[in-house]
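Engineer: make a model of this:
(chains A and B)
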Protein chains: 2
Amino acid sequence: MFEVLSAAEAERVTALYAPLADAVRELIDATIRTEVDDDVVHQARTTIEAVTASLRQRTRPAKVSYRVDGRPLPLGNAAIGVCNPIAAPIVVQHDGGGRCTSDFVLGSAYEGPPGLVHGGVSALVLDHMLGEAASEGLSKARFTGTITVKYLRGTPLGPLRCDAWIESAEGVKVFARGTISDAAGVTVEAEGVFIEPAWARESQ
Amino acid sequence: MFEVLSAAEAERVTALYAPLADAVRELIDATIRTEVDDDVVHQARTTIEAVTASLRQRTRPAKVSYRVDGRPLPLGNAAIGVCNPIAAPIVVQHDGGGRCTSDFVLGSAYEGPPGLVHGGVSALVLDHMLGEAASEGLSKARFTGTITVKYLRGTPLGPLRCDAWIESAEGVKVFARGTISDAAGVTVEAEGVFIEPAWARESQ
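Structural biologist: Below is the predicted model:
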């Protein structure tokens, strides 16, 4: 399930493939909003299919993830993977003491109601950020038990911020909280219980 | 905020742009898993940037959505938009009586832990499906108030099913529940409260 990389190799892989993911993010935005005619669309499809085939000449098997220095390097993660074009990506800053923040921008690809972030996308961001806080930056195995997300008002597409922190801990359970905010304040808040699995406790 | 389409025009737009989004979905999967060399990556980036520019020759303004027969046509929706490459997409079947289901496949783009669906992606799917149930297929304005998602075990990447239904209603509130299942049974369950906004009540 894991392929172990040296720090230098991890840096090389990220520097090579992250800009490719950035180019695909721009293509996603253009695809959603394009109104070009049939001939341009058909040419685009043909060209994209050829690029896909060229990238598939050599691929990692599905379900194989990278590790560096015993920690996951989640390049393909759906929320924070810099090599996953569907991730914004969320870039997480850990401030110590189980507190983390992220400033990020959500564009057309994350829309639900017109002009607003899809409520489920807010839930995705909060689930990830509370997990980051609870697991001290994914360095500990802690899985979401339950998360509750409360929507205070619509979250506009554009620049946003997420804050998450550990509220308390009790045996194998860690309680975390977090918020998403726009320039005018908090739009969504969440609380979650994260659980250390038995195999992680036994290996300590 | 809305551009009104005739049914025929909606069909033309969907038939033209949905296959383009499909091609980009395949490109996303290839981008995440590729291990090709620098020269192939650089050629891919250059080609993708040219396609993006060709699609941007004519675009809808951001935040403009389509409506057909007074109902939203959410082609760009982050969960169900057939023209949004980040959407799986979830194709929702409404069975009447506030009950809906979807069979869908989640690949590498939706990964959290190795081989498993990102917990936040499960929350996104459930938020959307409970909203579909509560709003009778997005035909009524009902916004998520609070949603609670409980993770019973890891959800494997691959073929999945989501069920959602209205549990009860009380004044302006609708209570909905739902589950995600793999072949072995339920992996995640959710309950949510959906609220009819004041402007929707006043317009009735």
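Engineer: does the residue nearest to the spatial centre of chain A belong to a helix or a strand, and which?
Structural biologist: In chain A, the residue lying closest to the centroid (C-alpha atoms, centre = their mean) is A:Ala79, at 1.1 Å. Under the criterion DSSP states H and E, no helix or strand holds A:Ala79.
Engineer: pretty sure it sits against B:His118.
Structural biologist: Yes - if you go by C-beta atoms under 8 Å, A:Ala79 and B:His118 touch, sitting 6.1 Å apart. Quick note: C-beta positions are derived from backbone N, CA and C, even for glycine.
Engineer: residues that sit against both of those two, list them.
Structural biologist: Here A:Ala79 and B:His118 have A:124, A:127-128, B:112 as joint contacts, going by C-beta atoms under 8 Å, 6 or more residues apart in numbering or on different chains.
Engineer: element containing A:Val13, please.
Structural biologist: For A:Val13, the host element (DSSP H and E) is helix A:7-33.
Engineer: now do the contacts for the nearest residue to A:Thr59 once chain neighbours are set aside.
Structural biologist: Nearest residue to A:Thr59 in three dimensions, chain neighbours excluded: B:Arg33, at 4.2 Å (C-beta to C-beta, 6 or more residues apart in numbering or on different chains). Residues in contact with B:Arg33 (C-beta under 8 Å, 6+ apart) are A:56, A:59-60, A:62, A:76, B:108.
Engineer: kindly recompute the last result at 10 Å.
Structural biologist: Residues in contact with B:Arg33 (C-beta atoms under 10 Å, 6 or more residues apart in numbering or on different chains) are A:17, A:55-56, A:58-62, A:64, A:76, A:83, B:107-109.
Engineer: emit the ChimeraX select command for whichever of those residues are buried.
Structural biologist: The buried residues among these can be selected in ChimeraX (16 or more other C-beta atoms under 10 Å in any protein chain shown) with this line:
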select /A:17,55,56,59,60,62,76,83 /B:107,108,109
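Engineer: the contacts of B:Arg33 into JSON lines, with extra columns for distance to A:Thr179 and secondary structure?
Structural biologist: Shown next, in JSON lines, are the contacts of B:Arg33 (distance: C-beta to C-beta, whole Å; DSSP: H, G, I helix; E, B strand; the rest coil):
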{"residue": "A:Tyr17", "distance to A:Thr179": "32", "secondary structure": "helix"}
{"residue": "A:Leu55", "distance to A:Thr179": "38", "secondary structure": "helix"}
{"residue": "A:Arg56", "distance to A:Thr179": "40", "secondary structure": "coil"}
{"residue": "A:Arg58", "distance to A:Thr179": "42", "secondary structure": "coil"}
{"residue": "A:Thr59", "distance to A:Thr179": "38", "secondary structure": "strand"}
{"residue": "A:Arg60", "distance to A:Thr179": "36", "secondary structure": "coil"}
{"residue": "A:Pro61", "distance to A:Thr179": "38", "secondary structure": "coil"}
{"residue": "A:Ala62", "distance to A:Thr179": "35", "secondary structure": "coil"}
{"residue": "A:Val64", "distance to A:Thr179": "35", "secondary structure": "coil"}
{"residue": "A:Gly76", "distance to A:Thr179": "27", "secondary structure": "coil"}
{"residue": "A:Cys83", "distance to A:Thr179": "28", "secondary structure": "coil"}
{"residue": "B:Gly107", "distance to A:Thr179": "31", "secondary structure": "coil"}
{"residue": "B:Ser108", "distance to A:Thr179": "30", "secondary structure": "helix"}
{"residue": "B:Ala109", "distance to A:Thr179": "27", "secondary structure": "helix"}
